[in-house]
Each structure stands twice: as C-alpha cells, then as structure tokens.
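Peer 1: sequence plus the predicted model coming up.
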Amino acid sequence: MGHVRKNSRGRWQARYRDPMGRERARNFTRRLDAERFLSLIEADKLRGQWVDPEAGKITVGEFAERWYATTVSLKPKTRAGYRSLLDSRVQPYLGPFQLRHIDPLVVREWIADLSAAGISASRIRQARNVLHAVFTLAQEASLVARNPVEGVKTPPLPSSDRRYLATNEVQRLAASMPSPHDVLTQVLAYTGIRFGEAAALRRSRCDLSASRLHIAESLAEVGGDLHFGPTKNHRQRSVVVPATVRDLLAHHLDTLPPEPDALVFTSPTGRPLRYSNFRNRVWVPATTAAGLTDLDIHELRHSAASLMIRAGADPKLVQNQLGHASISITYDVYGHLFPDRLDELGEDLDRLLRGTRASSPNTRPIGEEGRGLGRSI
C-alpha cells in the first residue's frame, strides 16, 4: 500500500508502487489532495485500470503507425483504405497530439473540422472508426484509461435512393454489353455476387449440373495491383444460378481453356478483370447505350436482392445468396423490400382466437365481457 509523507520542501508526497513493482511519487500542496490521489491510484490498481502517466505521452501519430502495423492480416484493400484515412484525415489533424491529451471534446472538434472542410459523412464515419480502433488498442495496452472516441457520433449519412433494375432493364443492359460481359452482367444481376467475386470465379467452381457457383475467392485492385484473396466476410458459400443464366454460362465456359483454375471472366486479352478498366471501357458506354446512365455496378447486386425478395425468397436464403455475415445486415439493407405481412399476422391471430373461443362453451360473445365494468370500477 502507498503512503503520504511530507518532503524536505514542505510538500505532501504520495508514494506508491505501480503494478510492476516500481516505486512512484507525486507531490501536492495539501495533504488531503495527496491522500485522495493515493486512494484513486490504489482503487485503479485493484480494478486493473491503472495507467502509467508517462505512457500517454506518445503521440497519436506515433501510436497510429504501431496500430497500423498490427493490421497485416487484413485484406490489402482494407489496409489501403486505413492507410489513406490515417494519412489524410487522422495524422494532419491529431498526429502531433499526445494520446493523453485526446478527450471526447477534442474528438468532437476534429469531426466538426472534417465536416467544415467538406468531407463526406461516410468518409468522416470511416475516419472515426479508424481512430476508435487506434485508441482501443491504446487502452488495451494501458496507455490510456479510456477510449475518448467511444460514444462520439458522426454526421448522419444522407439517405440515398438505391436503383433496382427490372428484368427487362437487365436484359437491355446485357444486350448493350460486348460478349462475354453480357453473361457477366446477368450473373451479377441474377445471383447477387459481388464484382470481385465474379472476377475471381474459376471454372472448377462452376457446378452447372446443380446450377451452383461456389464463391470462395475475390479479386481486388489496390493501388494499381491486383490481389486474389478471401471474400469480404472470409466465408465461402454456394449460390444458385437461374436456369436461363446457367445455360448462357455453360455456353461461355465452352469457349474457355479447359484448365480447372481458368478464370471465367477476363479482359479481352485474357488477363484478370480490373474494376477500373471494366468500368471505364465497358460499363459506362454500355449503361449509356442502354439509357441507364449513372448506374453503379454494385446496383446489380441490389437488383438481384430485389428480384429474390419479389420471388418470395426466405430472408435467410437471401442472406446466404448475397454472402452477408448476418441476417441483420440483410434486413438493414433490404428490409424495406420484404412484404408487409402484418395483416396476415392479424388474420392468423384472429383465427387462433376464434378457434379458442369456439372450443370454450362458457365463453360469452365478444362485447359482453366488458359489460358492467364501468359500474364495478
């Protein structure tokens, strides 16, 4: 246990040993302040919340780099996004500050500065999440007592109207595509797989006899380099292919090399599909020709979800087809598309109620149960 004593200069000194056994001291003008400080220190030690006062002197910039070094297991595209956010949004504003000087007010001011600079709400939220991750690690390393980013909100994301193509619009778009990208368009629009998953699809993972595609890999372009890696949620899944699209895909596979690892969709030169090249050279001209300007490639995935829901698919099946990590994500993104079944629920409950009442001979008709209640209260 620590103790308080008066030093040679007449100040009250609180002395204690930290969890590592090193002796520490802090001076106060009043004995009461020294005793209170010591009580707090001993309480923090008992709770395992003691923080070295010297540790927080490392700057946000220095520790953010240490945090970034721990993200090597993440996908290259994710790390590239973190790198961009650190370099453009975190380091210029907060990098020189010591960790111990960052509190919720500073974080709020930082977010306000980003907003005033015209940074989008989505980008601000991403930057906030990176800073939160940095301070989570700092807290775990006992460099700060609490995460100052916790609970700090960012500007609300603007509501955006997603586009959902009807089947005739999908067919019009596919007709505007050069072969075999017309097949790729229909695979994206009718299975809901991501562009990167389609770009990484190999012949051996097309089980057309069962109308299934095995999604086990994704292709991403990061800083001009192509990276094959796991899917977004690191899970493999099988998706169903409608028979009409399956037949188109089977005809396309007949034109490909027989090797099992051959990519199903490639550039005209047989190289892996780059998202940027595909968008600029194929997608934009085709959508313009089809009268679907400003259509985003990802909206084919939204269209697939819409068509599945309209076809009466169970939400769990939609989740698996799209590769969402949880059913809550499916509901968050597409919940408004599922039919309102409240009337159906009411009818089911009414049938249950009527059946129960019919089986009970002593039950009075509805309306008689409340008679006399006013007089009895």
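Peer 2: Yep, it's here.

Peer 1: where do the strands of the chain begin and end?
Peer 2: With DSSP state E as the criterion, the chain has strands at 3-6, 12-17, 23-28, 206-207, 212-215, 218-222, 225-229, 237-240.

Peer 1: could those strands be laid out in a markdown table, adding distance to residue 167 and mean pLDDT?
Peer 2: (Glycine included, C-beta is placed from N, CA and C.) Below are the strands of the chain laid out as a markdown table (distance: least, Cβ to Cβ, whole Å; pLDDT from 0 to 100):
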| stretch | distance to residue 167 | mean pLDDT |
| --- | --- | --- |
| strand 3-6 | 80 | 88 |
| strand 12-17 | 73 | 88 |
| strand 23-28 | 72 | 86 |
| strand 206-207 | 23 | 96 |
| strand 212-215 | 20 | 97 |
| strand 218-222 | 26 | 92 |
| strand 225-229 | 32 | 92 |
| strand 237-240 | 16 | 96 |
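
Peer 1: which one of these lies closest to residue 248?
Peer 2: strand 206-207 (12.0 Å; Cβ to Cβ).

Peer 1: how far does the closest one sit from the chain's center?
Peer 2: 29 Å (Cα atoms, centre = their mean, to the nearest Å).

Peer 1: start to end distance for stretch 90-100?
Peer 2: Counting by Cα to Cα, to the nearest Å, you get 16 Å between the two ends of stretch 90-100.

Peer 1: in that stretch, what counts as buried?
Peer 2: 90, 91, 93, 94, 95, 99, 100 (16 or more other Cβ atoms under 10 Å).

Peer 1: do the same with stretch 303-311
Peer 2: Quick answer for stretch 303-311 (16+ other Cβ under 10 Å): 303, 304, 305, 306, 307, 308, 309.

Peer 1: and which of these is nearest to residue 266?
Peer 2: Once Cβ to Cβ is applied, the member of those that ends up nearest residue 266 is residue 304, at 22.2 Å.

Peer 1: my guess is that closest one contacts residue 187. True?
Peer 2: No: counting by Cβ atoms under 8 Å, residue 304 stays clear of residue 187, with 9.6 Å between them.

Peer 1: ok, back up a step: and the strands of the chain as CSV, adding distance to residue 82?
Peer 2: Listed next are the strands of the chain as CSV, based on distance: least, Cβ to Cβ, whole Å:
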stretch, distance to residue 82
strand 3-6, 46
strand 12-17, 39
strand 23-28, 36
strand 206-207, 34
strand 212-215, 25
strand 218-222, 12
strand 225-229, 15
strand 237-240, 26
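
Peer 1: need these in JSON lines with mean neighbour count and distance to residue 294, can you?
Peer 2: Below are the strands of the chain laid out as JSON lines (neighbours: other Cβ atoms under 10 Å; distance: least, Cβ to Cβ, whole Å):
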{"stretch": "strand 3-6", "mean neighbour count": "12", "distance to residue 294": "71"}
{"stretch": "strand 12-17", "mean neighbour count": "18", "distance to residue 294": "65"}
{"stretch": "strand 23-28", "mean neighbour count": "13", "distance to residue 294": "62"}
{"stretch": "strand 206-207", "mean neighbour count": "17", "distance to residue 294": "32"}
{"stretch": "strand 212-215", "mean neighbour count": "20", "distance to residue 294": "28"}
{"stretch": "strand 218-222", "mean neighbour count": "20", "distance to residue 294": "22"}
{"stretch": "strand 225-229", "mean neighbour count": "14", "distance to residue 294": "27"}
{"stretch": "strand 237-240", "mean neighbour count": "18", "distance to residue 294": "27"}
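
Peer 1: to residue 112, which of these lies closest?
Peer 2: Closest among these, using Cβ to Cβ: strand 218-222, at 31.2 Å.

Peer 1: with just CA atoms, put that closest one into PDB.
Peer 2: Output of strand 218-222 as PDB, limited to C-alpha atoms (Å, rounded to 0.1, in the frame of the first residue of the first chain):
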ATOM      1  CA  SER A 218     -12.400 -12.400 -54.500                       C
ATOM      2  CA  LEU A 219     -10.300 -10.100 -56.700                       C
ATOM      3  CA  ALA A 220      -9.400  -6.600 -55.600                       C
ATOM      4  CA  GLU A 221      -7.500  -3.800 -57.200                       C
ATOM      5  CA  VAL A 222      -5.300  -1.900 -54.700                       C
END
